[in-house]
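K.L.:
here is my input; please provide its structure:
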Amino acid sequence: MPAMKRAFYGLWINGQEVAAAAGEACDLINPATGQVWAHGAVADDGQVDEAVLAAEAAFQGPWRKVPPQQRARLLFRYAEVIDGHLDELAEVEAVGAGKVLADARGEIGQVVDDLVYYAGWADKLSGSTVPAGWRGQAATYREPVGVCAQIVPWNYPFMMAGWKVAPALAAGCTVVLKPASATPATAVLLGEMAKEAGIPDGVVNIVAGPGDRVGTALIRHPRVAKVTFTGSTETGKDVMREAAVGLKRVSLELGGKSPSIIFADADLEAAASGSVFAIFYSAGQSCDARSRLLIDQGVYQEFLELFVAKATTLRLGDPLDAKTQIGPLISEGQRQRVHGYVKTGVAEGARLVLGGQLNQPGVPEEGFFYPPTVLADVTPQMRVFQEEIFGPVVVAAPFTDEADAIRLANQVDYGLVATVWTENGARAARVAKALACGLVGVNTPVTAGPGLPFGGYKASGFGRELGQSALDLYTEEKCVVTRTSERPINPFRL
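P.N.:
The predicted structure is shown next:
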């Protein structure tokens, strides 16, 4: 296996790294410096076809013949290989995606855990027997859907790839993964490590390039049976339209505008620390970022001051520096987009209480950094309350009572995650049930893990990543009915 951090990352097709057929490559930019650190191959339609056909050949051939118990052992081995390269992978992720090194290590570690979790499922995808009162018996079976197109975003390049590849392989599918154009490096390495783990060639394939070219070609391919996409809601709609032409199975994990709901009886110190993490982790570039602070009006000013005091201490800087807590945004375009939302919020009447400046003390001059920013006194009519900013910006609004908190939380198009901070267990249960979202944390900002289904309501998509639920996305259910009566079935009395 070549060095993980290198000057060029090709495509990974049928167990081999290859350059783009047309010689096309894109610059890979280090978000912390704004400088080119490597180049990545860009696939053409012919190479997308080659990758899908390789996946189909593997599905019909060697991978289909691997018994479930052996498939489990291969996934355990895959986890071991990744774990053995964890530090090298984390450095590539930090350089390529601007990930703080500790965060990158944690995300790669979660992929290891995901593979271990799904390895345990590989030989347990059983069906059921169905009572048949008409002198027969019936049984159901779970079978893999086939070749899966998997499209992942730039904000979690390796972790999102692992979230998709692990359950697909456990179910017996093969995959063609398309990473984001800005961050293909660790996805290519995921393919290389599949080979190192002994997974047959063609089971894991990686094709990089722009979504409107490579992604579209992949979704439209007639041999692709299932499409899974993580990214923006608008792009998710395009994916659905393209997949509908071929009646392909689709699952979408899309955007969010998630709230942290702070009741007056909460442990405000813990709630402030947890809420700071919930929005500023990964520089706010996370679909599950709790980007709205909904605060009981009785403690609104007190909590806001506590939150701002903690956010002020966060350290921005080089992702490879162990002291850094917040890295850069992915690009200058993203930084300008985030700043545009902040200016819009202020123009709409929000009160800027922290950050909001492109160049201020403590913010590195190089790269695409943006400071932790707090907009207070927002209302549901403001764009910054309704729209996903995807940066280190949180908006704060007071609520009057429990019903008002639920109303404000649900008053957006999205429904991915929420965190409820309260010491009242009955209230926590009531509010969690009333929230229109896929995940609710009670007194914790952490809601993702290998066994926990992750996904949303409304414009946040459908289908679930992780957990047992994800396996349903990669399997078909077959029912087999068998006559057991001595007399033949002859409804027409022929």
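K.L.:
so which bits of stretch 115-133 are buried?
P.N.:
Of the residues in stretch 115-133, Leu115, Val116, Tyr117, Tyr118, Ala119, Trp121, Ala122, Leu125, Gly127 count as buried by neighbour count, 16 or more other CB atoms under 10 Å. (Each C-beta comes from the backbone N, C-alpha and C, glycine too.)
K.L.:
out of those, which are inside strands?
P.N.:
Nothing among the buried residues of stretch 115-133 maps onto strands, per DSSP state E.
K.L.:
looking at those, which is nearest Val165?
P.N.:
Of all the buried residues of stretch 115-133, the one sitting nearest Val165 is Leu115; the distance, using CB to CB, is 8.4 Å.
K.L.:
including pLDDT and distance to Gly106, could the buried residues of stretch 115-133 go into CSV?
P.N.:
Written out in CSV, the entries for the buried residues of stretch 115-133 read as follows (pLDDT from 0 to 100; distance: CB to CB, whole Å):
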residue, pLDDT, distance to Gly106
Leu115, 98, 15
Val116, 98, 15
Tyr117, 98, 16
Tyr118, 98, 19
Ala119, 98, 20
Trp121, 97, 23
Ala122, 97, 25
Leu125, 93, 29
Gly127, 89, 36
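K.L.:
now distance to Val420 too, for those, in CSV please.
P.N.:
As requested, the buried residues of stretch 115-133 are arranged in CSV below (distance: CB to CB, whole Å):
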residue, distance to Val420
Leu115, 31
Val116, 30
Tyr117, 26
Tyr118, 30
Ala119, 34
Trp121, 30
Ala122, 36
Leu125, 34
Gly127, 38
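K.L.:
of these, which belong to helices?
P.N.:
With helices defined by DSSP state H, the entries of the buried residues of stretch 115-133 inside them are Leu115, Val116, Tyr117, Tyr118, Ala119.
K.L.:
give the contact list for the first one.
P.N.:
The contact partners of Leu115, taken as CB atoms under 8 Å, 6 or more residues apart in numbering, are Leu75, Phe76, Tyr78, Ala79, Ile82, Gly162, Ala166.
K.L.:
thinking again about what came up before, distance to Val384 added to the ones in helices among the buried residues of stretch 115-133, as CSV?
P.N.:
Listed next are those as CSV, based on distance: CB to CB, whole Å:
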residue, distance to Val384
Leu115, 39
Val116, 40
Tyr117, 37
Tyr118, 38
Ala119, 43
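K.L.:
what residue is smack in the middle of the chain?
P.N.:
Note on the chain: the residue nearest the mean C-alpha position is Met160, at 4.5 Å, using CA atoms, centre = their mean.
K.L.:
so Gly391: helix, strand or coil?
P.N.:
The local conformation at Gly391, judged by DSSP: H, G, I helix; E, B strand; the rest coil, is coil.
K.L.:
isn't it right up against Phe280?
P.N.:
No. Counting by CB atoms under 8 Å, Gly391 stays clear of Phe280, with 9.8 Å between them.
K.L.:
Gly15 is in contact with Lys195, correct?
P.N.:
Yes. Distance between Lys195 and Gly15: 5.4 Å, which falls inside the contact criterion (CB under 8 Å).
K.L.:
what touches both of the two?
P.N.:
With the criterion set as CB under 8 Å, 6+ apart, the overlap between the contacts of Lys195 and Gly15 is Asp201.
K.L.:
just the pLDDT for Val446.
P.N.:
Per-residue confidence for Val446 comes out at a pLDDT of 89.
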